[in-house]
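> make a model of this:
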Amino acid sequence: MSLKSVYSRPFSDERVATAFSEDLKQKPKASTPLRRTASASLPIRSNPTPTRSSIQPVLTFATAERYIPTRLRSRLPPHSQKLHDAWWVPRWGKHGEVFVFPNGSFVCWGTTEEEARQFTKQVLAPCEVGSLPEAETESLEFVSDPSEKTRIQGDLIILGRVAPLQDPASAPALQPPDPALDTATLLARYAFSQALSRSTALAVLEESLEDYLSSVAQLPHALERTGEPGLSREALIKKLGALLKFRQGLNLNRENFSDIPDLYWAEPELEGFFKAMSNALEVKMRTNAVNEKITYATEVQSILRQLLTESTAHRMELVIIALIAVEVVIALIRDGPELWHMVFGKPQESHPKTNAT
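Coordinates of the predicted model:
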């Protein structure tokens, strides 16, 4: 499960800014999948070398369902450019860069928490569609070392040697004048970032689904106790629609959680970086788990909807029977005497006898 931090938008005062910073600092790092393998990075962390840079943060945020591309393009800093499925900001803050993905998430390399907060406020907040009440985050670290091979080791990303690109067209169209980080490992950072972006977006879906399942957890128990689901037919259909929306977000969006992006078909090394991060974050396993939960919840909702349909049909039958009975009574009142005469005939009148005079 991904690492979670909560902050409110917009950042209108210092109190909100302080809460944002404190939330990030108090993140329970042991909860993210990568933290379970953190010991694998200890040899790198405990043995610095002259060629190795200091350890810097990689912060991933999911703040909305998506960003509006046209509005985002006009708000990005100068020298930002489209890089495959993301917008690349070569420099943000003192020593950082940012990748903005259309799924409502962005990844910061080398920025401080305050700089990431400022990016959300100044650039992304006006571009959000479906702003999240709570931001989902993923927090890692990286070092640069040209003597090492680029890889992920435990919870640490090592940016080092990379193979030449198979397709030169995969490189950025323009070289920015003053990038914050070495452009030699740019596409490696992009591949790691895309996997982080997907993981954080998946965490948003997981959180929403957990809230949904909690809201309907009492339905089977209510059915067991009272024989009634406790919700109207309209309310159950709305719940079913919410489930379909979850499944659409998981499997049918432009960028779902199982497909390999087209870029990596031509760049096997970048595909390796992307898959290594996805596997470390257990994206496939978590996606399957979410699908299973949605399937179970859909089955429960479908059964309850069938029960409501049968109950509605039974009530309609009773109403029809009552209407027929009323019609019969009205007919008897209106046409009863005539029907009686038709069946039994009119009664004969008796005349009194008269004496002959």
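
> the helices in this structure, which residues?
14-25, 42-46, 69-75, 113-119, 186-215, 219-226, 233-251, 263-266, 268-280, 283-344 (DSSP state H).

> and these as JSON lines, adding distance to residue 165?
To be clear about C-beta, it is placed using only N, CA and C from the backbone, and glycine gets the same treatment. Shown next, in JSON lines, are those (distance: least, CB to CB, whole Å):
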{"stretch": "helix 14-25", "distance to residue 165": "35"}
{"stretch": "helix 42-46", "distance to residue 165": "26"}
{"stretch": "helix 69-75", "distance to residue 165": "26"}
{"stretch": "helix 113-119", "distance to residue 165": "28"}
{"stretch": "helix 186-215", "distance to residue 165": "7"}
{"stretch": "helix 219-226", "distance to residue 165": "54"}
{"stretch": "helix 233-251", "distance to residue 165": "31"}
{"stretch": "helix 263-266", "distance to residue 165": "9"}
{"stretch": "helix 268-280", "distance to residue 165": "8"}
{"stretch": "helix 283-344", "distance to residue 165": "25"}
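
> quick one, which of those is nearest to residue 175?
Nearest to residue 175, of all the helices of the chain, is helix 186-215, at 9.9 Å by CB to CB.

> quick one: mean pLDDT over that closest one.
Mean pLDDT, computed over helix 186-215, is 91.

> so which of the helices of the chain comes closest to residue 101?
Nearest to residue 101 among the helices of the chain is helix 186-215 (4.4 Å), distances taken as CB to CB.

> buried ones in the closest one?
Using 16 or more other CB atoms under 10 Å as the test for burial, helix 186-215 gives 186-207, 209, 212.

> repeat that for stretch 215-224.
By 16+ other CB under 10 Å, the buried positions in stretch 215-224 come out as 216, 219, 223.

> from those residues, pick the one nearest residue 42.
Proximity of these to residue 42 (CB to CB) peaks at residue 216, which lies at 44.1 Å.

> correct me if wrong: the closest one contacts residue 300.
Yes: with contact defined as CB atoms under 8 Å, residue 216 and residue 300 form a contacting pair (7.4 Å).

> would you mind listing the residues in contact with the spatially most central residue of the chain?
With distances taken as CA atoms, centre = their mean, the chain has residue 205 as the residue nearest its mean C-alpha position (2.8 Å). Taking CB atoms under 8 Å, 6 or more residues apart in numbering as the contact definition, residue 205 lies against 246, 249-250, 290.

> could I get those as a markdown table with pLDDT?
A markdown table is the format used below for the contacts of residue 205 (pLDDT from 0 to 100):
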| residue | pLDDT |
| --- | --- |
| 246 | 77 |
| 249 | 71 |
| 250 | 71 |
| 290 | 86 |
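
> what is the most widely separated pair among these?
249 and 290 (9.7 Å).

> count of neighbours near residue 108?
For residue 108, the neighbour count with other CB atoms under 10 Å is 25.

> same check on residue 180?
For residue 180, using other CB under 10 Å, the count is 18.

> with residue 336 instead?
Neighbours around residue 336, by other CB under 10 Å: 11.

> now do residue 319
Number of residues near residue 319 (other CB under 10 Å) recorded here: 10.

> was I right about residue 231 contacting residue 215?
No: Residue 231 is beyond contact range of residue 215, at 10.4 Å (criterion: CB under 8 Å).

> and the closest residue to residue 109 other than its chain neighbours, what does it touch?
Spatially, and ignoring its direct neighbours in sequence, residue 109 is nearest to residue 97 (5.1 Å; CB to CB, 6 or more residues apart in numbering). Neighbouring residues of residue 97 by CB under 8 Å, 6+ apart: 88-91, 108-111, 179-181, 189.

> related to what we said a few turns ago, give me whichever of the helices of the chain is most buried.
With neighbours defined as mean count of other CB atoms under 10 Å, those peak in mean count at helix 186-215, which reaches a mean of 22.

> orientation of it relative to helix 283-344 in degrees?
Calculated by axes from the mean of the first three to the mean of the last three CA atoms, to 10 degrees, helix 186-215 forms an angle of 40 degrees with helix 283-344.

> what angle sits between helix 186-215 and helix 268-280?
Going by the same axes, to 10 degrees, helix 186-215 makes 30 degrees with helix 268-280.

> to the chain's geometric centre, what's the distance from helix 186-215?
Relative to the centre of its chain, helix 186-215 is centred 7 Å away, using CA atoms, centre = their mean, to the nearest Å.

> cool, stretch 139-155 as well?
Chain-centre distance of stretch 139-155: 29 Å, with CA atoms, centre = their mean.

> mean confidence score for that stretch?
The average pLDDT within stretch 139-155 is 93.

> could you list the buried residues of it?
139-145, 148, 150, 152-155.

> that'll do, ta.
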